[in-house]
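Participant: Return atomic coordinates for the entry below.
(chains A, B, C and D)
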There are 2 protein chains.
Amino acid sequence: MSDSIWCFENINLYQVLCPHKLKEFGKDHFEGFKKGDFIYFPEDASQSIFMVSKGKVKIVSYNEDGEEVVKAILGKGEIFGEKALLGEEKRSDYALACSEPTELCPMRLSDMYQLMRTNEKFGFSIYKLIGVRIKKMERRLEALLFKDVRTRLCEFIKEMADESGTMEGTELVVSHFFTQKDFADLIGTSRETVTRLFNELKEEGIIDYSRKEIKILAKEKL
Amino acid sequence: MSDSIWCFENINLYQVLCPHKLKEFGKDHFEGFKKGDFIYFPEDASQSIFMVSKGKVKIVSYNEDGEEVVKAILGKGEIFGEKALLGEEKRSDYALACSEPTELCPMRLSDMYQLMRTNEKFGFSIYKLIGVRIKKMERRLEALLFKDVRTRLCEFIKEMADESGTMEGTELVVSHFFTQKDFADLIGTSRETVTRLFNELKEEGIIDYSRKEIKILAKEKL
DNA sequence: TCGCAAATGTGATATGGCTTACATTTTATG
DNA sequence: CATAAAATGTAAGCCATATCACATTTGCGA
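Facilitator: Numbering: from 1, shown residues only, chains lettered A, B, ... in the order given. Okay, here's the model as predicted:
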């Protein structure tokens, strides 16, 4: 649990990547996005990776019916588009800003590679970041294979709490900006089931759910 | 589709990694394993990554009941343990040889990093390899989220065919050494369902399944 | 501030695939 | 070659969760 949300599992990437600390690359590093602005589209050339320096970014795709499917939501200090580093030539999904204003810190691939080669510490940070991503995916896969929906939701809430929860008195509070549909996408279930489960957890006095935040009243029961 | 099984999605890693081509690192690079030999255990320090130079390797874990759950099966030219490169300190699963003899080409982490830094081509191969792994995982995740078991099995068979199928007359033949339990683990279903589906596909004249190989009679219907 | 679209709530019904339980076949092993 | 162990085959019943069909609430944009 951390109060500095950009501290990403012991790798302070914000510190490493932030333009202020890397003046030589820092010229055109900030960009302002409005809510709903697309940052990239599938088939766009994967030329850079991004760090969120302000706001929130959604990674999504669209299913056959044109409905949005959320794959990830990222906040300050988090990185996306990093598959570009791994030989991906074209983006495979959409990235869009979902809060206003959203500011990003894009880094060109060539700069990244150079930095990774010359700055050992930086290189390791990037490796580690990708490793963490893979671990996260593996956990998700395992949950999907072996755990029921309620367990998946509980674990998801706990993860959110670990990443961005704050203690307010005796309550652990996680502020968020997910819709229940987003939760559903992220844990792999239907919107209706999520609604039902949130109310169930509420009834049982385990959480207190509202649109903006989740208060965790009994973490041990999650 | 390729007849050289170690050609891994356009990256000929065998060529790059094979000890014969890297004499300076090649002293102790071959090791013989018998069927069932463990290569590493969870909690072992992640000190090296391996390439299969002969035989087959299973990556597994065990569930609460002590049953084996297969996570991946790798053949010649494929790499495993690569999370070591990404900041993983301890192995998180078991790797064991599942054919005899199995030979590996282990590379120490420090050597890898050095090679990656000095040999640009090598570095890119590794990045790309990890990228391919991630893509594969993403596909798996998506299949699990959006597709029913039959579709998942069909796609899995098609993938096998693309990776290691050979044309024999008009038939596309994939030889394999999976049990139906293995298929079940890999696509996320129960063994019984796999049995049923294989027989269903057989009845429908789409494939011809036997323990050693799958003949694909109507790829378009898969 | 009104109106409308998006988000949430809830019941009824349907169903894919898991589980259980056991039979049969194939393969490994002394 | 005999016997055990592993893999495969099959059926019946059940259950978690999807799907459908609405009602209600919330919040945003004009």
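Participant: got any ranges where chain A has weak pLDDT?
Facilitator: By pLDDT under 70, the weakly predicted segments of chain A are A:1-31.
Participant: could you redo the last one with a cut-off of 90?
Facilitator: Scanning chain A for pLDDT under 90 picks out the ranges A:1-38, A:51-56, A:61-70, A:73-79, A:97-129, A:163-164, A:168-170, A:177, A:221-222.
Participant: helices or strands up against the longest helix seen in it?
Facilitator: The residue-count maximum for a helix in chain A (DSSP state H) belongs to helix A:120-146. If you count contacts as 3 or more CB pairs under 8 Å, 6 or more residues apart in numbering or on different chains; DSSP states H and E, helix A:120-146 packs onto helix A:13-17, helix A:109-118, helix A:149-164, helix B:120-146. To be clear about C-beta, it is placed using only N, CA and C from the backbone, and glycine gets the same treatment.
Participant: Just tell me which of the ones you listed ends up closest to B:His176.
Facilitator: helix B:120-146 (17.3 Å; CB to CB).
Participant: Mind listing what's buried along the closest one?
Facilitator: Neighbour counts over helix B:120-146 (16 or more other CB atoms under 10 Å in any protein chain shown) mark B:122-135, B:138, B:140-141, B:143-144 as buried.
Participant: I'd like the helices and strands packed on helix A:120-146 as TSV, with distance to B:Thr170 appended.
Facilitator: TSV is the format used below for the helices and strands packed on helix A:120-146 (distance: least, CB to CB, whole Å):
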stretch	distance to B:Thr170
helix A:13-17	54
helix A:109-118	45
helix A:149-164	45
helix B:120-146	29
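Participant: Include distance to DNA strand C when you put the ones you listed into CSV, please.
Facilitator: Below are the helices and strands packed on helix A:120-146 laid out as CSV (distance: least, CB to the nearest atom of the strand, whole Å):
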stretch, distance to DNA strand C
helix A:13-17, 29
helix A:109-118, 34
helix A:149-164, 13
helix B:120-146, 10
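Participant: Nearest residue to A:Leu104 in space, please, no chain neighbours.
Facilitator: Nearest non-adjacent residue to A:Leu104, counting by CB to CB, 6 or more residues apart in numbering or on different chains: A:Phe50, 4.7 Å away.
Participant: At the geometric centre of chain A, which residue sits there?
Facilitator: Centroid-nearest residue in chain A: A:Leu74, 2.9 Å away (criterion: CA atoms, centre = their mean).
Participant: Phi, psi for A:Ile49 please.
Facilitator: Per-residue torsions, A:Ile49: phi -120, psi 160 (degrees, to the nearest 10).
Participant: what's the distance between the nearest residue to it once chain neighbours are set aside and chain B?
Facilitator: Nearest residue to A:Ile49, sequence neighbours excluded (CB to CB, 6+ apart): A:Gly81, at 4.5 Å. Remark: distance between A:Gly81 and chain B (CB to the nearest CB, to the nearest Å) = 13 Å.
Participant: Show me what the residue nearest to the centre of chain A bridges to in the sheet.
Facilitator: On the basis of DSSP bridges, A:Leu74 is bridged to A:Val57.
Participant: and it, what does it touch?
Facilitator: A:Leu74 makes contacts with A:Val52, A:Lys56, A:Val57, A:Lys58, A:Ile59, A:Phe80, as judged by CB atoms under 8 Å, 6 or more residues apart in numbering or on different chains.
Participant: how about the fifth one, secondary structure?
Facilitator: The three-state assignment at A:Ile59 reads strand, by DSSP: H, G, I helix; E, B strand; the rest coil.
Participant: Help me confirm that it comes into contact with A:Val69.
Facilitator: No. The criterion here is CB atoms under 8 Å, and A:Ile59 misses it with A:Val69 at 10.0 Å.
Participant: Might you report the residue contacts of A:Gly123?
Facilitator: Residues counted as contacts of A:Gly123 (CB under 8 Å, 6+ apart) are A:Leu115, A:Met116, A:Arg117.
Participant: Out of these, flag the one nearest to B:Leu222.
Facilitator: Once CB to CB is applied, the member of those that ends up nearest B:Leu222 is A:Met116, at 41.1 Å.
Participant: For the closest one, give its distance to A:Arg211.
Facilitator: Noted for A:Met116: a distance of 41 Å to A:Arg211, by CB to CB, to the nearest Å.
Participant: Kindly report the same for A:Gly169.
Facilitator: Distance from A:Gly169 to A:Arg211, by CB to CB: 21 Å.
Participant: more neighbours, those two?
Facilitator: Neighbours per residue (other CB atoms under 10 Å in any protein chain shown) separate A:Gly169 from A:Arg211, with A:Arg211 holding more: 10 against 6.
Participant: That one - that's part of a strand, no?
Facilitator: No. Checked against three-state DSSP, A:Arg211 lies outside a strand; its state is coil.
Participant: Could you single out the nearest of the contacts of A:Leu74 to A:Glu192?
Facilitator: Using CB to CB, the contacts of A:Leu74 come closest to A:Glu192 at A:Lys58, 21.8 Å.
Participant: so what's the nearest residue to that closest one once chain neighbours are set aside up against?
Facilitator: What sits nearest to A:Lys58 in space, not counting adjacent residues and going by CB to CB, 6+ apart, is A:Cys98, at 4.7 Å. Residues counted as contacts of A:Cys98 (CB under 8 Å, 6+ apart) are A:Lys35, A:Gly36, A:Gly55, A:Lys56, A:Val57, A:Lys58, A:Ile73, A:Phe177.
Participant: Pipe those residues into CSV and attach neighbour count and distance to B:Leu201 per row.
Facilitator: Listed next are the contacts of A:Cys98 as CSV, based on neighbours: other CB atoms under 10 Å in any protein chain shown; distance: CB to CB, whole Å:
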residue, neighbour count, distance to B:Leu201
A:Lys35, 13, 48
A:Gly36, 10, 45
A:Gly55, 20, 49
A:Lys56, 19, 45
A:Val57, 25, 42
A:Lys58, 23, 39
A:Ile73, 19, 39
A:Phe177, 14, 45
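Participant: Report the closest residue of chain A relative to DNA strand D.
Facilitator: Residue of chain A nearest DNA strand D, by CB to the nearest atom of the strand: A:Asp148 (3.0 Å).
Participant: picking up where we left off before, reformat the contacts of A:Leu74 as JSON lines; add distance to B:Thr189.
Facilitator: As requested, these are exported to JSON lines (distance: CB to CB, whole Å):
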{"residue": "A:Val52", "distance to B:Thr189": "37"}
{"residue": "A:Lys56", "distance to B:Thr189": "36"}
{"residue": "A:Val57", "distance to B:Thr189": "34"}
{"residue": "A:Lys58", "distance to B:Thr189": "31"}
{"residue": "A:Ile59", "distance to B:Thr189": "28"}
{"residue": "A:Phe80", "distance to B:Thr189": "32"}
